[in-house]
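*Asks:* When you get a sec, could you give me coordinates for this:
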Amino acid sequence: MTFFVEDEIASQPDCWQRAIALAPEVADRLPQAGERVAFVGCGTSWFMAQVAAAWWEGSGKGEADAWTADEFAHTRTYDRVVAITRSGTTTEVIEVLKQLGDGVTTTVLLGAQDTPAHAAATHTVDLSFADEQSVVQTRFATTVLALLRTHILGDTDTLVAAAREALAIELPDAWVTAEQVTFVGRHWTVGLANEAALKFRESSSSWAESYPALDYRHGPISIAAPNRLVWCFGPAPEGLGKQVEATGATFIDHDLDGLADLVAAQRLAIARAIRLGLNPDQPRNLTRSVVLDES
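*Replies:* Residues are numbered from 1 along each chain as shown. Sure thing, here's the model as predicted:
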């Protein structure tokens with residue numbers, strides 16, 4: 001049996017190529033140099049917001065924050081708020097957009113178009129070509145990042161090829177059956193580590209954690225042990241691999257663009273779910289969008 005999410009993961013190189021081509025066409029709807037920007041989302045979209053904010057501020061374009069929508073600081077002043085929502089119906093995101101009203105320019109990166117988020121935003125960017133049937137987000141989230149990375153950094157010449165390489169990476173059986181995995185990253189890849197751990201928990205109901213790579217040694221490394229994994233996005237801090245291996249855990253550090261490496265981590269999460277007899281398209285207790293009952 002093939003699950004929707006397997007096909008959606010495999011389609012990411014093509015989706016990223018479309019997003020890279022789209023970025024110049026929608027550049028006037030995206031953050032402009034010098035703007036103070038808040039990137040907002042829930043769940044996976046919040047972790048994508050963390051990556052985008054790190055790119056924006058790290059590239060010198062301006063100050064940036066990443067907020068989960070329910071914790072958005074309306075006391076702060078922004079030139080633009082960028083909301084990321086696949087469904088366009090997530091209650092907390094809609095509330096942020098409504099409360100901002102006409103006082104702040106808002107841009108929504110959107111999967112489903114005829115939705116409340118579309119109506120509430122100043123600008124929308126149509127990413128419906130990356131929408132998904134699976135409850136679990138994979139290609140929509142990474143396609144958002146391919147678009148924003150093109151707009152902010154422009155360093156996407158080899159990104160699609162790296163994604164194809166990630167689809168071919170071998171996933172040893174010992175990784176699929178490991179009892180625990182920790183994902184770590186630095187700077188913009190911390191958001192990727194957070195997302196990878198979420199994918200693992202969502203898809204396979206398994207124990208996964210995430211940390212900034214340097215902070216991992218300040219306590220969390222104590223859980224490293226045989227039959228457990230530590231997966232690093234981007235270049236590893238010097239000495240971390242040896243420290244992890246000394247615990248008996250397996251250290252994974254692909255020489256691969258961090259965003260592409262997330263594709264490999266998605267594949268691991270789905271492989272584990274299937275091994276456990278779970279349906280990764282319909283994880284327990286989850287729905288495609290969280291719409292809160294206000295009655």
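
*Asks:* Run through the strands of the stretch 51-200 of the chain in chain order.
*Replies:* Along the stretch 51-200 of the chain, counting by DSSP state E, counting those that start in this stretch, strands occupy 64-68, 80-85, 105-110, 123-126, 180-185.

*Asks:* could you dump those strands to CSV with mean pLDDT, mean neighbour count and distance to residue 259?
*Replies:* All C-beta spots, glycine's among them, are computed from the backbone N, C-alpha and C. Converted to CSV, the strands of the stretch 51-200 of the chain look like this (pLDDT from 0 to 100; neighbours: other C-beta atoms under 10 Å; distance: least, C-beta to C-beta, whole Å):
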stretch, mean pLDDT, mean neighbour count, distance to residue 259
strand 64-68, 98, 21, 16
strand 80-85, 98, 28, 15
strand 105-110, 97, 25, 16
strand 123-126, 97, 18, 18
strand 180-185, 98, 26, 11
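
*Asks:* Relative to residue 168, which of these is closest?
*Replies:* Proximity to residue 168 (C-beta to C-beta) singles out strand 180-185 among the strands of the stretch 51-200 of the chain, at 20.5 Å.

*Asks:* quick one, domains of this structure?
*Replies:* 4-152, 159-275 (automatic domain parsing).

*Asks:* May I see the strands of the stretch 51-200 of the chain organised as TSV, with distance to residue 274 added?
*Replies:* Below are the strands of the stretch 51-200 of the chain laid out as TSV (distance: least, C-beta to C-beta, whole Å):
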stretch	distance to residue 274
strand 64-68	30
strand 80-85	28
strand 105-110	30
strand 123-126	32
strand 180-185	16
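
*Asks:* And the domains of the chain: which comes nearest residue 281?
*Replies:* Per C-beta to C-beta, nearest to residue 281 of these: domain 4-152, 4.4 Å.

*Asks:* centre of the chain versus that closest one, how much separation?
*Replies:* 11 Å (C-alpha atoms, centre = their mean, to the nearest Å).

*Asks:* Stretch 242-255 too?
*Replies:* The answer for stretch 242-255 is 23 Å, by C-alpha atoms, centre = their mean.

*Asks:* Check stretch 259-276 too.
*Replies:* With C-alpha atoms, centre = their mean, you get 13 Å for stretch 259-276.

*Asks:* could I have it exported to CSV, CA atoms only?
*Replies:* Coordinates of each C-alpha in stretch 259-276 appear next as CSV, following Å, rounded to 0.1, in the frame of the first residue of the first chain:
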residue,chain,number,x,y,z
LEU,A,259,16.5,21.8,3.9
ALA,A,260,17.1,18.8,1.7
ASP,A,261,18.2,16.7,4.7
LEU,A,262,14.7,17.4,6.2
VAL,A,263,13.4,15.3,3.3
ALA,A,264,15.4,12.4,4.4
ALA,A,265,14.2,12.8,8.0
GLN,A,266,10.6,12.9,6.7
ARG,A,267,11.2,9.6,5.0
LEU,A,268,12.6,8.1,8.2
ALA,A,269,9.5,9.1,10.1
ILE,A,270,7.2,7.6,7.5
ALA,A,271,9.2,4.4,7.3
ARG,A,272,9.0,4.0,11.0
ALA,A,273,5.2,4.6,11.0
ILE,A,274,4.7,1.9,8.3
ARG,A,275,7.0,-0.5,10.2
LEU,A,276,4.8,0.0,13.3
